[in-house]
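**Q** Build me a model from this:
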Amino acid sequence: MQPKKNLDLVNVLFLVGSPFVAVSGVYLLFHLNGPAWQSWILFAVMMVVTGLSVTGGYHRLFSHRSFKANPFVRLFFLLFGAAAFENSALKWSADHRLHHRYVDTDQDPYNIKKGFFWAHMGWIFYRTEKNLSVVTDLSSDPLVRFQDHYYLPLSIAFGFLLPTAIAALWGDALGGLILAGWVRIVLNHHFTFFINSLAHTLGSQPYSDRNSSRDSFICALVSYGEGYHNFHHSFQSDYRNGVRFWQFDPTKWVITFLSWIGLVWDLRVTPRAKLMKARFEMQEKRFLSKLSQSKWEMPKWKLVEERVQKFRSELEEAYLKFEKARSDYHAFKKKGSYHLKLEEIKSEYRASKEEFKLALLQWKRALSQELVLVV
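**A** Now for the predicted structure:
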């Protein structure tokens, strides 16, 4: 635990006091006949733009450089990211990069091993010297420097004054201040904090168990897609967190849309073969760990282990062959090339797909012990 003299009273008062201000403000609003319906819409809009400015801007753009963006997009993320009251992008990114570099160790700013509350918000209660040596690339960005230098006035202007002024247009300045200001800030805070705490505590680990990160749909739901944290820690440069099409990741959708209209580019994507390899290796690791608890004699255990590894190797080989055939087919089809050659490639693609399906079925049977126990 940090020495008491390092307590940051400003942060403590703001983080502890803001929920009381928000709750008291909502009570006052309803005592005064309630906020205008337009103020609720403003609250929702401010929630989304500030939340996405943290997830898409602070996190995926500035911390991980997972894509490149037009100056107007970067400025938007910086202005409304400031409105989230989570520090400047420069300092936020410095903490986050240290978290990835030293995850689950004493050098991790929000180390989950120090407890759920510490990872959630306790670490913010203490004043620490920011290690800006890990963000020299951001220090050279004039927009990032501008936001860092004027962080407090920008936070107040875009976090409080802007929603108050907008709501004043329909005669509900107080509603804008309370709902789109205080309530929104408190919710954005804890939705972000859940990634440091809950997403390192509850959920699955489909890609790696080398650290405490977990995939959590609940966290993804309240954090604009950031909850697929095990994937993120395994492939942190990827602009996606919810890598599968059905996973809830609005931040990914927004970045993808911006790429379609040319405002962002160079989106970094992890090859599918690499993702599948990581998943297969974790499945094998869990299966062998479970088998290691059996009372089998060593010769039998070694034979089972060799057989499972053989199935995984065959599955990975089949998947790579399938991926290449699929890529060749779509590339050839796009060119509108010679019909007979296209049919030949299409046939190879279908055959490799069936081969992969068969290898996958065999792998699933192996994991269910239908094959490996017959030794």
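**Q** where does this structure dip in pLDDT?
**A** 1-5, 292-303, 335-340, 369-375 (pLDDT under 70).
**Q** Give me the longest helix you can find in it.
**A** helix 298-335 (DSSP state H).
**Q** Distance from that helix to the middle of the chain?
**A** Chain-centre distance of helix 298-335: 28 Å, with CA atoms, centre = their mean, to the nearest Å.
**Q** Isn't residue 162 up against residue 82?
**A** No - here residue 162 does not reach residue 82: they are 10.9 Å apart, not a contact under CB atoms under 8 Å. Yep, even glycine has a C-beta here, placed from its N, CA and C like the rest.
**Q** Just give me how far the helix or strand containing residue 259 sits from the chain centre.
**A** Element membership for residue 259, per DSSP states H and E: helix 250-260. On the basis of CA atoms, centre = their mean, helix 250-260 sits 14 Å off its chain's mean C-alpha point.
**Q** What pairs with the next helix or strand after that helix, parallel or antiparallel?
**A** Using DSSP H and E, the helix or strand that follows helix 250-260 in sequence is strand 264-265. Strand pairing for strand 264-265, using DSSP bridges, gives strand 68-69 (antiparallel).
**Q** contacts for the strand it pairs with?
**A** Contacts with strand 68-69, where a contact means CB atoms under 8 Å, 6 or more residues apart in numbering, come from 61, 77, 258, 263-266.
**Q** Filter these down to the buried ones and express that as a ChimeraX selection.
**A** To isolate the buried members of the contacts of strand 68-69 in ChimeraX, using 16 or more other CB atoms under 10 Å:
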select :61,77,258,263,264
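**Q** List just the nearest of the contacts of strand 68-69 to residue 290.
**A** residue 61 (40.6 Å; CB to CB).
**Q** hang on, the earlier thing: pipe the contacts of strand 68-69 into TSV and attach distance to residue 124 per row.
**A** Shown next, in TSV, are the contacts of strand 68-69 (distance: CB to CB, whole Å):
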residue	distance to residue 124
61	22
77	21
258	30
263	32
264	30
265	34
266	33
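**Q** Could you identify the most distant pair in the contacts of strand 68-69?
**A** 77 and 266 (16.2 Å).
**Q** For residue 81, list the residues it contacts.
**A** Applying CB under 8 Å, 6+ apart, the residues near residue 81 are 50, 53-54, 57-58, 89, 92, 147.
**Q** Nearest residue to it in space, please, no chain neighbours.
**A** residue 53 (4.0 Å; CB to CB, 6 or more residues apart in numbering).
**Q** Confirm for me that the one you found is in contact with residue 85.
**A** No - using CB under 8 Å, residue 53 makes no contact with residue 85, being 11.8 Å away.
**Q** what about these two, which has more around it?
**A** More neighbours surround residue 53 than the other of residue 53 and residue 85, with 25 against 20 (other CB atoms under 10 Å).
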